[in-house]
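Asker: model the following, please.
(one chain, ligands or ions: 1)
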Amino acid sequence: MLPANLLFSENLESTLEQLLKGYAPQQRFICCDSTTATTCLPLISGFDCLRDARQVTIPAGDDHKSVESLSLLWRFFSQEGATRRSVLINVGGGMVSDLGGFAAATFKRGMDVINLPTTILGAVDAAVGGKTGINFNGLKNEVGAFHQPKAVVFYAPFFASLDQANCLSGFAEMLKHGLLSDAAYLNSLFKLDLSQPSAPAFLEAVRRSVEIKHAITSQDPHEKGLRKALNLGHTMGHALESLSHHIQKPVLHGYAVAWGLVCELFLAHRLLGFPSEELSRISAFVKITYGSLPFTCADYPYLLEAMTHDKKNDNKGLNFTLLAGIGDLRLDQTLYLDQTSDKALLEASLDYLRDIMGI
Ligand code: GLY
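Answerer: I've put the predicted structure just below:
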């Protein structure tokens, strides 16, 4: 069950009008990026309830989730007389909700936020759960705050403009949710038409993923325990994403997460007996759906080093969430790079991924 502030809407105008009743009309702000300003903003700009809203556009792309964009938003709020009673409506994917959410969390010590996710990745991950932040000093999400949105509204027509690669990128987080929850949901994901992100069956899966994410983040909003489960696939995934940029073959976040899931399920198989038939089935699906990243064992030192930068590590080792089976979570599994057997196991998981990819 979803709480009342996570809304799947078929009539966005009336949903927003209801939500905005409590805010002074001159203090409504809309944040878009240069993509959603053209693809999604036109779907809402004629709404009566947004007639007086002031709109700001930031350049699209994760590079712009920066202190410069943050400063641009603060300056905009300041010039427009925003107050703690203002509301910011983020219209975009994770970049917009992370950046806009952090600007709102910090301006006047906190303005309200409504997220309108326009990507699948934004809908099933970034828009829900209150993580906000910017990249800093070459590190992703290095500075940020937990700031829960007042509401998140999911509206299928936004997803219709998504290209296939962005749809697949979001879908990787849905696979993660399937692995964290139950076989029935995981199996249903394999049957979806991944070229139709605004179709009813896909939206039903988005709803289920949002339910799973909400169930976890509402129990542990500040990631002291259970929320670490959402990092499944991400320790390896972030390192592979970073490598893809390093070798100038950048991939979208979800592609790296899908490959990271394969590596971490391999670790789970070896350490906790995660079933081999499930590992093979998911690996085959990831290979067909996400293709490959060209890397060799010469890149392993880079990947292992990149893993040590992950925020969820303590200074002693690499921290993973692993699964003993689908939905059977084992938090806080630590591997140590200075222990030969652990390092060999991590390298074996990369060998396995390269083997699956056929490279
Ligand atoms: N993206 C993982 C989380 O929200 O905790």
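
Asker: shaky segments in the stretch 151-300 of the chain?
Answerer: Within the stretch 151-300 of the chain, no stretch falls below the threshold (pLDDT under 70).

Asker: for the stretch 151-300 of the chain, give the residue positioned nearest to the ligand.
Answerer: In the stretch 151-300 of the chain, the residue found nearest to the ligand is residue 230; the distance is 3.9 Å by CB to the nearest ligand atom. To be clear about C-beta, it is placed using only N, CA and C from the backbone, and glycine gets the same treatment.

Asker: phi and psi next, for that residue.
Answerer: When quoted as degrees, to the nearest 10, the phi and psi of residue 230 stand at phi -70, psi -10.

Asker: isn't it right up against residue 212?
Answerer: No. Residue 230 sits out of contact with residue 212 when judged by CB atoms under 8 Å, with a separation of 9.3 Å.

Asker: what touches both of these two?
Answerer: Taking CB atoms under 8 Å, 6 or more residues apart in numbering as the criterion, residue 230 and residue 212 both touch residue 180.

Asker: packing partners of the strand or helix carrying residue 323?
Answerer: Using DSSP states H and E, the secondary-structure element containing residue 323 is strand 318-325. With contacts defined as 3 or more CB pairs under 8 Å, 6 or more residues apart in numbering; DSSP states H and E, strand 318-325 has these neighbours: helix 234-246, helix 253-272, strand 328-335.

Asker: where do the helices sit along the stretch 1-150 of the chain?
Answerer: Residue ranges of the helices in the stretch 1-150 of the chain, as given by DSSP state H, counting those that start in this stretch, are 12-20, 36-39, 67-79, 94-106, 120-121.

Asker: dump the residue contacts of residue 96.
Answerer: By CB under 8 Å, 6+ apart, residue 96 lies in contact with 31, 32, 33, 36, 58, 90, 118, 122.

Asker: okay, now residue 298: neighbour count?
Answerer: By other CB atoms under 10 Å, the residues close to residue 298 number 7.

Asker: show me which residues of this structure sit near the ligand.
Answerer: Residues of the chain lying close to the ligand by CB under 6 Å from any ligand atom are 125, 129, 131, 227, 230.

Asker: I'd like to know how far residue 120 sits from residue 144.
Answerer: Between residue 120 and residue 144 the computed distance is 22 Å (CB to CB, to the nearest Å).

Asker: neighbour count: these two, which is higher?
Answerer: Regarding residue 120 and residue 144, a neighbour count based on other CB under 10 Å identifies residue 120 as having more, with 30 against 19.

Asker: pretty sure the more buried one contacts residue 175?
Answerer: No. Taking contacts as CB under 8 Å, residue 120 lies outside contact range of residue 175: 11.7 Å.

Asker: please name the spatially closest residue to the residue nearest in space to the middle of the chain (chain neighbours excluded).
Answerer: Centre of the chain computed as the mean C-alpha position; nearest residue by CA atoms, centre = their mean is residue 125, 3.9 Å away. Sequence neighbours aside, residue 173 is the residue nearest to residue 125 in space, at 4.7 Å (criterion: CB to CB, 6 or more residues apart in numbering).

Asker: and if you look at residue 37?
Answerer: Excluding its sequence neighbours, the residue lying closest to residue 37 (CB to CB, 6+ apart) is residue 57, at 4.6 Å.

Asker: give the contact list for the nearest residue to residue 222 once chain neighbours are set aside.
Answerer: On the basis of CB to CB, 6+ apart, the spatially nearest residue to residue 222 that is not a chain neighbour turns out to be residue 146, at 5.9 Å. By CB under 8 Å, 6+ apart, residue 146 lies in contact with 130, 131, 132, 221, 222.
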